[in-house]
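>>> Provided below are the primary sequence and the corresponding predicted coordinates.
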Amino acid sequence: MSAAARVAETDEPPVRRLYRSADGRWLGGVARGLAGHLGLPVIWVRAFFAVLMLTDGLGALLYAVFWIVVPLGVGGRAAPRPVFETTADGRRRLRKPDKGQVLALIALAIGFSSFIGSINVDKQAGRYVWPSLLIGIGVVLVWRQADNARRASWTDPGGRRRVLQLVRGLVGVALVGTGLAVFLVVRGSVAQLGTALTAAVAVLTGIALLAGPWLVRMSQDLSEERTLRIRAQERAEVAAHVHDSVLHTLTLIQRNADDPGEVRRLARAQERELRNWLYKPEGTGKDEDEEPATLAEAVKRAAAEVEDKHGVPLEVVVVGDCPLDEKLAAQMQAAREAMVNAAKYGGEGGAVQVFAEVEGRTVFVSVKDRGPGFDLDAVPDDRMGVRESIIGRMQRNGGSARLRSVPGGGTEVELEMERADG
Amino acid sequence: MSDGTGTGSGAAEQGTERRVRVVLVDDHRMFRTGVQAEIGRTDVTGVEVVGEAADVDQAVTVITATRPEVVLLDVHLPGGGGVEVLRRCASLMAAAQDPVRFLALSVSDAAEDVIGVIRGGARGYVTKTITGTDLVDSIFRVQEGDAVFSPRLAGFVLDAFASTDAPPVDEDLDRLTQREREVLRLIARGYAYKEIAKQLFISVKTVESHVSAVLRKLQLSNRHELTRWATARRLV
């Protein structure tokens, strides 16, 4: 409840518009939306409506008017809680209800029953109250259904719960139908029920026949139009990207045409970025500045930086992935040092191969070049690159590093580290 | 992207004795022209480009008409992509006499593209940044019936087979043997077949047979596991 108030305080948009809340609502989201808009605890608004219910059902009327008029939006609540939560062992279970919600539900039930009690004074009125109630519940079900369908269009494009939606819609219609039928029955016109139903069905069929094709056509046009619009948006995004980065790079290449090293570096950086943007599912190419959170990202990032800096291609292969912990971060630094060495001293022999594999708790990284190779014992003691930055760093963090020459020329650095926690 | 340092003179010399007929399938004319210029000097490389195609329908027509030994197949093609070409040429691939073999050549290194064409029956996968001499080498290896695994492809395959925590349906197909895994890992680390053979104290022929076995497992292994693998990576 305080979440709603907090949102209203901190997250204040320049123009405040009233929306019904799609998150954390019980019915139409009117109370939740109002609470978010006014900065009040949602329970106050709900209580207000409940009290208004007692005065000849004015609350219900007001609620319905709000429901119709106010558009559905998101807000009024910080984070939506799903009905199911995932436990630590990966199973789904029904979430525990809020204490406040339970209390409010009880209060609502009491208010509602007293409302019923207040009008259900004699048998005559009761005959109308129950059918109206049925109709009301049915209408509410169908309306809520429409809201859900609308909400689904901006949250979940896949129609996974279509059956459930259909069932809910049908139940709503059935309730309304039953309510109407009961009305007819209690008014003593059972005899005319058959005729009335036949007439109603005939009229409905007529309307369906007349308007059906037109409606189908319209919905087809609408979805077609939507597809076109999405496609146009995508194209605009690609065009913007191409404009931003590719054209920029091409200009730089023209300017540096007499420096093959620079041209190659630019082309490679651009190729990598564009590849990332086009072929990675979630890669937008825009999150370049964020710190990598997983091993695969870290390896790729380090390789890209070395590639840009030294102008030597690095081919990266990553098998498996895991979150980056402190020990792995140290391993990444060692790997980066190895990549720099390989690019500096072994880059003439072709691309440097970087291979990282997560197998169980062990993370293995190998950096291999096809250069002339070098003898660790022949490296003077004052050159700390390999000894300190690679071997020393790995040992200090509980891992191991091995340098060896590859049969057929070149050097390979193998780094092995256990993950801090599984 | 060829650096043209002449490191592959071996392939060029061999080219004078060996001949291979190749069809290029790629929707970018510039790229076809570039590849043609690089590998199409038949007297030097031994590669004879007998046909070109720019989309799926053309590809199937040209391949059926010319019956090349190797098809260089782009993964992204108008009309259904490389997978569709493979599907429609399945009978040519399976022919007992002079089967047509496919080598996927793509600018994409997205896992679903790569695994897709390999499962479709391609004998190997190389990226378009490959040098001319390496490409010629790969073409001859595919022609001889060998599988061509780039380090990246080896990585994808290791990844696909590593993440099967549930017991596989068919033990023989869905598991890589220890040796196959070692071979793949060395390919992923950038070793050549000869180096792998030396490293594991086996013959190059044995390395080749391990690689072919992996390819067969990848092409035949049950769809369920690979789908799960792809789903876990949000590829499908």
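Looks like it came in fine.
>>> How about the closest residue to chain B within chain A: what's its closest non-neighbour residue?
The minimum distance from chain A to chain B, using C-beta to the nearest C-beta, falls at A:Q353 (2.9 Å). In short, each C-beta sits where N, CA and C put it, glycine included. Leaving aside its sequence neighbours, A:Q353 sits nearest to B:G190 (C-beta to C-beta, 6 or more residues apart in numbering or on different chains; 2.9 Å).
>>> Could you check how many residues crowd around the one you found?
Neighbour count for B:G190, taken as other C-beta atoms under 10 Å in any protein chain shown: 26.
>>> before we move on, what about the one 4 residues further on?
B:K194 is surrounded by 12 other residues when neighbours are defined as other C-beta under 10 Å.
>>> Apart from its chain neighbours, what residue comes closest to it?
The shortest distance from B:K194 to any non-neighbouring residue, by C-beta to C-beta, 6+ apart, is to B:V204 (6.0 Å).
>>> pLDDT value on residue 127, please?
Since you didn't name a chain, this refers to chain A. As summarised for this prediction, A:R127 has a pLDDT of 65.
>>> that answer is for a different chain, and I need it for chain B
pLDDT at B:T127 comes out at 82.
>>> Leaving out the residues flanking it, which one is nearest to it?
Here the nearest residue to B:T127 in space, its sequence neighbours aside, is B:D109; by C-beta to C-beta, 6+ apart that works out to 5.9 Å.
>>> The one you found contacts A:N276, correct?
No - proximity of B:D109 to A:N276 does not meet the contact threshold set by C-beta atoms under 8 Å, at 10.0 Å.
>>> Now the host helix or strand of the residue of chain A closest to chain B: buried residues?
A:Q353 belongs to strand A:352-359 when assigned by DSSP states H and E. Of the residues in strand A:352-359, those scored as buried under the neighbour-count criterion (16 or more other C-beta atoms under 10 Å in any protein chain shown) are A:V352, A:Q353, A:V354, A:F355, A:A356, A:E357, A:V358.
>>> and the residues you listed as JSON lines, adding pLDDT?
Formatted as JSON lines, the entries for the buried residues of strand A:352-359 read as follows, by pLDDT from 0 to 100:
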{"residue": "A:V352", "pLDDT": "90"}
{"residue": "A:Q353", "pLDDT": "91"}
{"residue": "A:V354", "pLDDT": "94"}
{"residue": "A:F355", "pLDDT": "94"}
{"residue": "A:A356", "pLDDT": "94"}
{"residue": "A:E357", "pLDDT": "92"}
{"residue": "A:V358", "pLDDT": "89"}
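>>> Pick the one among those residues closest to B:R32.
A:Q353 (29.1 Å; C-beta to C-beta).
>>> In this model A:E315 seems to touch the closest one, though I could be wrong.
Yes - applying C-beta under 8 Å as the test, A:Q353 and A:E315 come out as touching, 5.4 Å apart.
>>> what is in contact with those two at once?
B:P151, B:G190 (C-beta atoms under 8 Å, 6 or more residues apart in numbering or on different chains).
>>> which residues touch the helix or strand containing B:A160?
Taking DSSP H and E as the definition, one finds B:A160 inside helix B:151-162. For helix B:151-162, the external contacting residues (C-beta under 8 Å, 6+ apart) are A:315, A:317-320, A:353, A:355, A:357, A:359, B:109, B:111, B:114-115, B:118, B:124-125, B:127, B:149, B:174-176, B:181, B:184-185, B:187-190, B:214, B:217-218, B:221, B:225-226, B:229.
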